[in-house]
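Trainee: Give me a 3D structure for the following:
(one chain, ligands or ions: 2)
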Amino acid sequence: MPDTLPELLALPGVLAALAAGLWAWRRFHPVSFWYVLAYPLTAVGIRASWRKVALGCGLTKKRQRFWWTVTPAAIVSTGTVKVRRTFRRVAVDTKPWMWFPLPTRYGWRVTIRLLEGQIPADYSEVAERLAHSWGVHAVRVSSDKPGRIRLNVTIHDPLIRVDQIPPSTDLLKVTVGRLETGGAWLIDFTTVPHWINAGATQSGKSNLANALLVGLAPQPVALVGFDLKGGVEFTPYAPRLSALATSRSECSDLLADLIGRMGRCRTAGARNIWQLPADDRPVPIVVLVDELAELYLMADKSEKDEIARISTALLRIAQLGRAFGIYLFCSGQRISSELGPGVTALRAQCSGRICHRVNDPETATMTLGDLDPSALDSARAIPAEKPGVAIVAHQDGHWYRARSFHIPEKTAEQAAHTYAHLTPNWADIRAEAKIPA
Ligand SMILES: Nc1ncnc2c1ncn2[C@@H]1O[C@H](COP(=O)(O)OP(=O)(O)O)[C@@H](O)[C@H]1O
Ligand SMILES: [Mg+2]
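Mentor: Ligands and ions are numbered 1, 2, ... in the order given. Have a look, this model is predicted:
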């Protein structure tokens with residue numbers, strides 16, 4: 001007995017020490033805390049509550065099953081109802097079959113077998129309900145096999161702070177940020193040659209262009225800037241730019257040069273420069289356009305012809321550029337059809353789509369096209385205090401939430417100076433001595 005009292009008194013101390021230890025573990029090594037302790041408990045909880053959650057989110061189906069039921073049998077003399085348990089066929093709510101959740105860096109993923117008549121869209125529609133039921137940041141639905149879907153769950157928003165990853169060293173591939181899944185956000189011009197980068201002011205468009213410039217600067221590529229806002233965006237990067245156009249007529253001249261190069265490649269018999277031996281291959285050119293709308297806005301009628309010329313040239317590059325190593329990266333606040341049919345046609349040719357925070361739902365729709373509606377909701381939900389967060393659409397039909405690395409102008413300017421010696425001369429590109437005759 002005398003021993004018990006001190007032991008009892010020590011108990012709160014032990015508990016407090018345990019709690020502090022757990023807190024410190026979670027605080028200082030969240031990854032091991034998640035895998036060793038939090039994940040197993042979460043996974044068991046998810047499995048245990050799946051029936052309730054599925055029922056609440058409307059994902060169950062009625063099925064005929066043999067089930068124990070309770071039916072009133074008779075009223076006995078005391079007035080109480082006597083019940084009888086019977087085993088019979090009744091309609092019960094059946095939940096979709098769930099595999100055991102597997103841990104990921106930012107949450108977990110789980111495969112679910114669809115019930116008859118269900119499609120993946122049924123799950124995308126209730127993704128927000130599922131997220132709230134589980135108390136997590138987001139639930140994303142993907143399906144790689146008929147009859148099955150995978151739910152990718154992120155517990156906290158992984159894009160609040162984005163840590164750097166080593167740059168890509170492959171030609172025309174740049175790691176510009178991180179995807180919500182924790183993977184690298186790669187802009188790969190070799191698979192997706194032309195990009196639309198939309199967003200309101202201060203949403204992070206220029207930051208993304210900076211990231212691209214920093215990534216491409218050390219590579220053997222020519223960079224061209226179209227900056228109709230008087231050159232304020234790209235002039236500091238001039239040392240690494242082979243050409244910079246700050247007026248519409250300069251853009252028109254540069255586009256004529258680019259079209260000319262495509263023509264010469266074709267005359268020389270090179271229908272696709274990537275089939276040429278590396279030594280004979282003309283240098284790839286990435287055209288960075290800031291504020292695309294400026295190219296199309298007409299102040300008076302006299303500009304009509306020039307705009308039409310630019311519009312046609314951009315469209316031709318978008319249609320044929322890939323084979324001749326010319327790639328477009330067009331940024332803009334509104335890339336809408338009000339700017340004319342040229343923009344609509346150009347947009348259709350740009351399969352890479354990036355939508356930063358936007359002010360109106362139409363811009364999101366125009367940028368992301370007819371993607372999954374939840375992508376549009378996600379784009380509209382990007383908060384102003386998270387510049388650089390964007391929805392990225394890929395040709396594969398999947399979309400991702402991502403955030404670019406923060407690349408201040410100073411860093412991009414520094415990169416432009418460091419790699420200035422790699423800048424191909426525009427006169428050489430025009431002459432293109434390397435193309436075999
Ligand atoms: N990924 C990011 N992480 C942190 N801050 C960012 C990020 N992207 C942009 N910013 C900040 O947001 C502000 C607006 O970015 P900017 O790229 O100039 O927007 P836009 O060109 O769309 O007007 C800048 O101050 C920039 O430093
Ligand atoms: Mg900008």
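
Trainee: burial count for the residue lying closest to Y419 once chain neighbours are set aside?
Mentor: Counting by Cβ to Cβ, 6 or more residues apart in numbering, Y419 lies nearest to A217, which is 4.1 Å off, once chain neighbours are set aside. Using the backbone N, CA and C atoms, a C-beta is placed for each residue, glycine as well. Residues lying near A217 (other Cβ atoms under 10 Å) number 24.

Trainee: how near is A217 to V287?
Mentor: 15 Å (Cβ to Cβ, to the nearest Å).

Trainee: just Q64 next, same as before
Mentor: Separation of Q64 from V287 (Cβ to Cβ): 63 Å.

Trainee: quick one, what contacts the residue nearest to Y419?
Mentor: By Cβ atoms under 8 Å, 6 or more residues apart in numbering, the contact set of A217 is L223, R240, A415, A416, T418, Y419, L422.

Trainee: would CSV of those residues with secondary structure be doable?
Mentor: Below are these laid out as CSV (DSSP: H, G, I helix; E, B strand; the rest coil):
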residue, secondary structure
L223, strand
R240, helix
A415, helix
A416, helix
T418, helix
Y419, coil
L422, helix
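
Trainee: these two touch, right, V287 and I317?
Mentor: Yes - taking contacts as Cβ atoms under 8 Å, V287 lies within contact range of I317: 7.4 Å.

Trainee: phi, psi of P101?
Mentor: The phi/psi pair for P101 (degrees, to the nearest 10) reads phi -60, psi 140.

Trainee: And for L339?
Mentor: phi -80, psi 0.

Trainee: Model confidence for the residue lying closest to it once chain neighbours are set aside, exactly?
Mentor: Distances taken as Cβ to Cβ, 6+ apart place Y296 nearest to L339, at 4.2 Å, with adjacent residues excluded. For Y296, the pLDDT comes out at 89.

Trainee: can you pull the contacts of Y296?
Mentor: Going by Cβ under 8 Å, 6+ apart, Y296 touches I307, I310, S311, L339, G340, G342, V343.

Trainee: Which neighbouring elements make contact with the host helix or strand of the last one?
Mentor: Element membership of V343 [criterion: DSSP states H and E] is helix 341-349. The criterion is 3 or more Cβ pairs under 8 Å, 6 or more residues apart in numbering; DSSP states H and E, and the helices and strands that helix 341-349 contacts are helix 293-296, helix 304-320.

Trainee: Mind doing that once more with 6 Å?
Mentor: In this structure, helix 341-349 makes packing contacts with helix 304-320, judged by 3 or more Cβ pairs under 6 Å, 6 or more residues apart in numbering; DSSP states H and E.

Trainee: What residues sit buried inside the helix it packs on?
Mentor: If you call a residue buried by 16 or more other Cβ atoms under 10 Å, then helix 304-320 has these buried ones: I307, R309, I310, S311, A313, L314, L315, R316, I317, A318, L320.

Trainee: Which of the contacts of Y296 sits closest to L255?
Mentor: I310 (6.2 Å; Cβ to Cβ).

Trainee: Show the contacting residues for the closest one.
Mentor: The contact partners of I310, taken as Cβ atoms under 6 Å, 6 or more residues apart in numbering, are C251, S252, L295.

Trainee: and with 8 Å instead?
Mentor: R248, C251, S252, L255, L295, Y296.

Trainee: All set now, cheers.
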